[in-house]
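J.: give the three-dimensional model of this entry:
(one chain, ligands or ions: 1)
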Amino acid sequence: MIIDSSTSVVVTGGASGLGRAAAMALAAAGAKVAIFDVNEAKGEEVAKAVGGVFCRVDINDEDSVVAGYAKSRAAIGQERVLIHCAMTSRRGKTLAFDKAAGKLKRLSTADYEAGVQGTLVASYRLASHAAEGMATLPPLEDGERGCIVLTASVAAQDGQIGQVIYASAKAGVNGLVLPMARDLSDLGIRVNSIMPGIFATPLMLGAAQNVLDSLSASVPFPKRLGKPEEFGSLALELARNSYFNGQCIRLDGAIRMAPR
Ligand SMILES: NC(=O)c1ccc[n+]([C@@H]2O[C@H](COP(=O)([O-])OP(=O)(O)OC[C@H]3O[C@@H](n4cnc5c(N)ncnc54)[C@H](O)[C@@H]3O)[C@@H](O)[C@H]2O)c1
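T.: Numbering: from 1, shown residues only. This next block holds a predicted model:
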């Protein structure tokens, strides 16, 4: 897909971290970008920096997502590309010793459900609404109409202790990719996911320096956290390279996460 000023892009979670970097990369390639986020101050800031539009969207709310797409399509046109980075989740061990109660406590089904909603269900919501809009676009070369990039995690394959919700929900995100790419193949809409390793975003940079140093040392090469712009570069390439389809790609410096 040629990315230029006729290409409209929606980036969720675009106010920060990996989404922000993807928005910057697509905008630098000439695309018009809409930022979907709950953080209005930072979202407006990024939208201004990329010459795009900010839409206050909560990915967990169906009406908010529908309204966000309506606003972005009115402002910059029907998106040909969706980069979905935002997520909400919870953490905890399946069974953890509760000192106060003196017994094992089960991670609740309600916690599990909330994490799956914010990670897997939200990915389906954002992707399926985008696909419905992309289906109305005139086809490009080879009949291509659009491209959806979801964000999983290396935890989808190497889930750690305490990540039962996040890891299984991200595995579900990867699980969406091939059947959705097949569902949408007649319409020329591609679907891929990126599994980031450990990236230097506000999500990670809150950790203590010794933790960050040990995380960096655990990456085979390069021995550092990923740079958000490296994620942005892959997101751009997945949009640009029309032969990427139905694929889940690790971007991780060869890290394999240990159990804890
Ligand atoms: N940073 C990493 O090391 C890493 C590793 C693996 C996977 N990931 C994945 O990458 C994605 C982005 O992570 P990040 O590190 O850039 O995080 P981040 O915290 O820097 O950015 C996340 C953005 O999502 C927004 N957001 C949160 N809840 C939202 C909601 N309900 N609706 C709309 N927007 C919402 C936040 O306001 C924020 O701007 C996530 O899906 C995360 O699971 C990150």
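J.: and this protein, which of its residues are near the ligand?
T.: Counting by Cβ under 6 Å from any ligand atom, the positions of the chain adjacent to the ligand are 12-13, 15-19, 37-39, 57-60, 85-88, 151, 153, 196, 198-199, 201-204. The C-beta positions use only the backbone N, C-alpha and C, and glycine is treated the same way.
J.: buried subset of these?
T.: Buried by 16 or more other Cβ atoms under 10 Å: 12-13, 15-19, 37-39, 57-60, 85-87, 151, 153, 196, 198-199, 201, 204, out of the residues of the chain next to the ligand.
J.: please pull out the lowest mean pLDDT helix or strand from the chain.
T.: helix 202-205 (a mean of 86; mean pLDDT, DSSP states H and E).
J.: who are the packing partners of that helix?
T.: Contacts defined by 3 or more Cβ pairs under 8 Å, 6 or more residues apart in numbering; DSSP states H and E place helix 202-205 against helix 209-217.
J.: quick one: buried residues of the next helix or strand after the helix it packs on?
T.: Once the chain leaves helix 209-217, the next helix or strand it forms, by DSSP states H and E, is helix 228-240. For helix 228-240, a neighbour-count test (16+ other Cβ under 10 Å) marks 228, 230-232, 234-236, 238-240 as buried.
J.: can you tell me the residue of this protein closest to the ligand?
T.: Proximity of the chain to the ligand (Cβ to the nearest ligand atom) peaks at Gly17, 2.2 Å away.
J.: you'd agree that residue is up against Leu205?
T.: No. Using Cβ atoms under 8 Å, Gly17 is not in contact with Leu205, being 9.2 Å away.
J.: element containing Ala131?
T.: Using DSSP H and E, Ala131 sits in helix 122-134.
J.: next: Leu26.
T.: Using DSSP H and E, Leu26 falls in helix 17-28.
J.: buried residues of that helix, list them for me.
T.: The neighbour-count check on helix 17-28 (16+ other Cβ under 10 Å) flags 17-27 as buried.
J.: would you reformat those residues as TSV and include distance to Ala254 and pLDDT?
T.: Shown next, in TSV, are the buried residues of helix 17-28 (distance: Cβ to Cβ, whole Å; pLDDT from 0 to 100):
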residue	distance to Ala254	pLDDT
Gly17	22	98
Leu18	19	98
Gly19	24	98
Arg20	25	98
Ala21	21	98
Ala22	22	98
Ala23	27	98
Met24	26	98
Ala25	23	98
Leu26	27	98
Ala27	30	98
